[in-house]
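1. dropping a prediction and its sequence here:
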Amino acid sequence: MLAVAGIIHRRRENRKPPITLQYYPSVALLIPAHNEGLVMKDTLDAMMKLRYPGQLDVYLLDDQSTDETREIGLNYAKTFSRIHYIPVPNGSPKGKSRVLNYGLSISNSDYFVVYDADNEPEPDAVRLLVEAAEQTENAAGAVGYVRTKNQDKNLLTRMISIEFQVFQLLMQSGRWSLFKIGSLPGTNMLLRRSVIEEVGGYDLYALAEDAELTIRITQSDYLLPIIPKAQTWEQEPENLRTFIKQRTRWLIGNIYLLEKTCRSPEFWKGRAFYHSLQHVLTYFLFVLLLAFSNLFFIASLTGFELPIASAPLLMIWFMSYIVYAIQIIGSMVFNKQTAVYNLAVGAIMYFTYAQLFLILLLRAFSSYFYNRIKGSTIAWDKTKRFKGDPS
């Protein structure tokens, strides 16, 4: 249902004529960074190519970097008036939320937009987000599309790229089309300063700060329109170890949010209900069904006698796989990536990439409850960057 609605929404967005605002509000572009020297030049080069008719200031928020991040930031700040290098004072808890709250405290603008330190937004990305936010009644901001710039590196990055095409955009578009709800992806997202001040800023202890803020914004009855044309390109993990560390952090953050959601009755009211329900279905029901399916499969291989079911279970499983494959193919069509190799990768993702979720979630639950028992704060785990190809 979400896939079909997402396809319809993307077709409508592609056909919309361009709009021009009479007045473009000021925007502060925040880049939280810690030891990002490997990618920082490319990122700042992309920021200088942004086309925005109003006031746009870029704030590189350096969180105690010990590599060349500081030197690169200062050099760009001296050369370009748009760029400001801001050293973030040491503090705790460590993490993106604290850095962004500090960035909001030292800037002054109508809106702010967040980009991760490895992002290269397309020139019109910020303008498109602002136009959508200004044209949507009661909007807290707007959400763009995150694409994978190193998708051709190996099989893992190709699968991550496909995942983002389907679940980060197609599902996003579907939820917006049907329920008028959007989710913040952590980067390439525009937010109205007054709304963030109203909801209390970023939660310092949320590792998935985007998902946590999404529910509070939605609970306050604000909208987050999805704008597929506003695109940014970011680097994804190029090996399994980095991928597992990154996704474990994401899932720990979502477990924290799940606990917070279950303790907060107000998060189940209005349109916030859909976000809260999605968390329960994803992190309880889905993992339970996935584990049961795998155990059922292993038991069948070992000859263990299983109870006889009158329902055509094999047909139900096959139909589920078909739905999964259709979502992937639909996203490839819109992104013009229907090559044979991509289709083959999409065909095996259900049996490989999707199964990693069970391992990651078990790892995240173990870490989360271990730290809760110890009474310690889970440390922010920075994602490793990789040097791009010279071309």
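-> Looks like it arrived, so ask away.
2. can you show me the helices along the stretch 251-391 of the chain?
-> Using DSSP state H, counting those that start in this stretch, the helices assigned to the stretch 251-391 of the chain run over residues 272-280, 287-301, 313-334, 340-348, 356-374.
3. next one: phi and psi at the most centrally placed residue in the chain?
-> Nearest to the mean C-alpha position of the chain, counting by CA atoms, centre = their mean, stands residue 185 at 2.8 Å. Per-residue torsions, residue 185: phi -90, psi 0 (degrees, to the nearest 10).
4. using CSV, write down the CA coordinates of stretch 159-176.
-> Only the C-alpha atoms of stretch 159-176 are listed here, as CSV (Å, rounded to 0.1, in the frame of the first residue of the first chain):
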residue,chain,number,x,y,z
MET,A,159,22.3,-2.9,-1.3
ILE,A,160,22.4,0.1,0.9
SER,A,161,21.6,2.3,-2.0
ILE,A,162,18.6,0.1,-3.0
GLU,A,163,17.4,0.1,0.7
PHE,A,164,17.5,3.9,0.7
GLN,A,165,15.6,4.1,-2.6
VAL,A,166,12.8,1.9,-1.2
PHE,A,167,12.5,2.5,2.5
GLN,A,168,13.9,6.0,2.9
LEU,A,169,12.1,7.5,-0.1
LEU,A,170,9.3,5.3,-1.5
MET,A,171,7.9,4.5,1.9
GLN,A,172,8.4,8.1,3.0
SER,A,173,6.5,9.3,0.0
GLY,A,174,3.7,6.7,0.7
ARG,A,175,3.3,7.8,4.3
TRP,A,176,3.1,11.4,3.3
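5. so how far is it from its chain's centroid?
-> 10 Å (CA atoms, centre = their mean, to the nearest Å).
6. do me a favour and average the pLDDT over it.
-> Averaged across stretch 159-176, pLDDT comes to 86.
7. just stretch 8-23 next, same as before
-> 88.
8. isn't the residue nearest to the centre of the chain right next to residue 141, touching?
-> No - the pair residue 185 / residue 141 is not scored as a contact, 11.9 Å apart, by CB atoms under 8 Å. C-beta coordinates here come from the backbone N, C-alpha and C atoms, glycine included.
9. care to break this structure down by domain?
-> As assigned by automatic domain parsing, the chain contains the domains 2-238, 272-374.
10. TSV for those, including distance to residue 255?
-> Shown next, in TSV, are those (distance: least, CB to CB, whole Å):
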stretch	distance to residue 255
domain 2-238	9
domain 272-374	5
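11. now the weakest link among those domains, please, by mean pLDDT.
-> domain 272-374 (a mean of 82).
12. coming back round to it: roughly how far does the residue nearest to the centre of the chain sit from residue 143?
-> 6 Å (CB to CB, to the nearest Å).
13. what is in contact with the two at once?
-> Common contact partners of residue 185 and residue 143 (CB atoms under 8 Å, 6 or more residues apart in numbering): residue 172.
14. residue 151: which element?
-> Using DSSP states H and E, residue 151 sits within no helix or strand.
15. highest average neighbour count across the domains of the chain?
-> Comparing the domains of the chain by mean neighbour count (mean count of other CB atoms under 10 Å), domain 2-238 ranks first with a mean of 19.
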